[in-house]
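Participant: here is the input, now give the coordinates:
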Amino acid sequence: MALAVTVLTAGLIRMGEEPAVVPAGILVLAGTVLLAVIVVLDLQSGDPVVGFGLFADRRFALAALVLGLLNVVLYGLIFVLPSYLQTVLGHSAMVGSAFLLPLLLGAILAGSATEHVVRRHGAIRTCLSSVVALGAGLGAMAWGIGDNLLAGVLIGEFVVGSGAGIGQSTAMALGMDHIPSASRGRGSALLNVLRTFGSVLGVTMIGGVSGLVYLRRLPRLLPGSAVEGDLGTTVAQAFDAADRQPPVLADAIRAAAGTAYADALVWALLMGVAVSMIVGVAGLALGRGCSRGQISEEPQA
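Facilitator: Purely as a prediction, here's the structure:
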């Protein structure tokens with residue numbers, strides 16, 4: 001399992017980069033095949049280690065999807081936003097960190113209302129609502145960055161945080177709701193593993209897409225520049241390189257790098273919106289036929 005996740009993650013990180021020894025596509029394929037073998041062996045085992053058979057319960061599968069998506073979005077944002085808030089917009093580390101607080105505020109406020117929402121609407125609808133909130137928040141952030149409106153970014157952060165706050169405990173409770181007592185340990189461990197894997201995917205997918213778009217966009221904004229090959233691979237390295245150039249060229253490099261990174265973030269966030277829509281549709285299919293009486297009304301810690 002460790003080898004499969006490592007190989008798959010390495011492939012996702014290197015997508016779009018020049019291959020060194022093994023192309024990224026082969027790494028992704030190898031990691032996927034290894035994971036598939038692990039799943040098949042675990043399902044055929046009389047004493048499974050992971051317990052993939054738990055996905056036969058649609059509520060467990062829905063909870064796993066939601067928990068994975070939440071961590072993909074949260075950890076992906078935490079990975080890519082600081083460079084935009086600090087390097088591109090020019091804020092200090094303290095101010096840039098303060099601009100991430102809406103994520104936390106939304107999670108706190110929504111989390112405090114989770115019990116009431118679940119009692120009124122049921123856990124399945126609450127989980128699906130959290131997915132909708134994630135997609136809407138990412139869309140608002142993409143709009144804010146695209147139009148250079150910091151308010152849009154902060155509003156989007158708050159909405160994403162609200163979705164995370166209301167979805168985390170509800171999805172965990174939903175997933176564990178009807179698991180037999182003998183399998184509760186496996187179920188809890190599997191959900192937590194999927195959350196961790198979602199964190200890794202969030203960094204590799206959102207970070208990888210933004211990095212790939214940035215590297216392809218920057219040369220187009222600086223055609224024929226003498227320093228094009230010395231700008232590094234990140235927006236921070238480009239700004240550092242600009243400090244060593246004459247003032248006019250330095251301003252051009254900063255403007256180009258900032259624009260390229262903003263464009264890259266918009267693409268990465270829109271990809272997050274698309275993934276949220278896919279998870280939402282899958283969640284609707286999984287939740288169909290599961291009435292409120294078949295699920296817990298209160299989330300568990």
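
Participant: which ones are touching the nearest residue to Ile179 once chain neighbours are set aside?
Facilitator: Closest residue in space to Ile179, ignoring its immediate chain neighbours: Gly187 at 4.4 Å, by C-beta to C-beta, 6 or more residues apart in numbering. Heads up, the C-betas are built off the backbone N, CA and C, glycines and all. Contacts here follow C-beta atoms under 8 Å, 6 or more residues apart in numbering; on that basis Gly187 touches 51, 54, 60, 175-176, 179.

Participant: what ranges of this structure fall below the confidence cut-off?
Facilitator: Low-confidence segments of the chain (pLDDT under 70): 15-22, 223-229, 289-301.

Participant: what's Ala61 in contact with, if anything?
Facilitator: Counting by C-beta under 8 Å, 6+ apart, Ala61 touches 55, 286.

Participant: which element, helix or strand, includes it?
Facilitator: With secondary structure defined by DSSP states H and E, Ala61 is part of helix 58-82.

Participant: can you give me the buried ones in that helix?
Facilitator: 58-77, 79-82 (16 or more other C-beta atoms under 10 Å).

Participant: tell me where the protein has helices.
Facilitator: Taking DSSP state H, the helices of the chain run over residues 2-13, 24-44, 58-82, 93-98, 101-112, 114-121, 123-146, 150-176, 184-221, 235-242, 247-287.

Participant: farthest residue from the center of this structure?
Facilitator: Most distant from the centre of the chain: Pro246, at 38.7 Å, with distances by C-alpha atoms, centre = their mean.

Participant: how close does that one sit to Thr259?
Facilitator: 20 Å (C-beta to C-beta, to the nearest Å).

Participant: ditto for Thr126
Facilitator: Distance from Thr126 to Thr259, counting by C-beta to C-beta: 39 Å.

Participant: give me the more crowded residue out of those two.
Facilitator: Counted by other C-beta atoms under 10 Å, Thr126 and Thr259 do not tie: Thr126 has more neighbours, with 24 against 16.

Participant: my read: that one touches Ala113, true?
Facilitator: No: assessed by C-beta atoms under 8 Å, Thr126 is found out of contact with Ala113, at 10.2 Å.

Participant: shared neighbours, those two?
Facilitator: Contacts common to Thr126 and Ala113, judged by C-beta under 8 Å, 6+ apart, are Ile166.

Participant: I'd like to know how far the residue lying closest to Gly139 once chain neighbours are set aside sits from Val131.
Facilitator: In space, not counting the residues next to it along the chain, Gly139 is nearest to Val273; the distance is 5.1 Å by C-beta to C-beta, 6+ apart. In this view, Val273 and Val131 are 11 Å apart by C-beta to C-beta.

Participant: more neighbours: the two, which one.
Facilitator: The neighbour count for Val273 versus Val131, taken as other C-beta under 10 Å, is higher for Val131 (28 against 19).

Participant: once you drop chain neighbours, what's closest to the more buried one?
Facilitator: Excluding its sequence neighbours, the residue lying closest to Val131 (C-beta to C-beta, 6+ apart) is Gly280, at 4.6 Å.

Participant: which segments of the protein make up each domain?
Facilitator: Split into domains by automatic domain parsing, the chain comes to 1-49, 58-301.

Participant: mean neighbour count, those domains: which tops it?
Facilitator: By mean neighbour count, with neighbours taken as mean count of other C-beta atoms under 10 Å, domain 58-301 ranks first of these at a mean of 19.

Participant: ok, the residue lying closest to Leu29 once chain neighbours are set aside to Leu41 distance?
Facilitator: Leaving aside its chain neighbours, Leu29 sits nearest to Gly11 (7.7 Å; criterion: C-beta to C-beta, 6+ apart). Per C-beta to C-beta, Gly11 is found 22 Å from Leu41.

Participant: now do Gln237
Facilitator: The separation that Gln237 has from Leu41, given C-beta to C-beta, amounts to 44 Å.

Participant: now do Leu77
Facilitator: The gap separating Leu77 from Leu41 is 35 Å, by C-beta to C-beta.

Participant: for Val235, same thing?
Facilitator: 43 Å.

Participant: do Pro180 as well
Facilitator: The spacing between Pro180 and Leu41, counted by C-beta to C-beta, is 22 Å.

Participant: Ala4 too?
Facilitator: Ala4 is 12 Å from Leu41, by C-beta to C-beta.

Participant: go on, Leu27?
Facilitator: In terms of C-beta to C-beta, Leu27 sits 21 Å off from Leu41.

Participant: nearest residue to Ala282 other than its sequence neighbours?
Facilitator: Residue nearest to Ala282 in three dimensions, not counting chain neighbours: Leu65, with 6.1 Å by C-beta to C-beta, 6+ apart.
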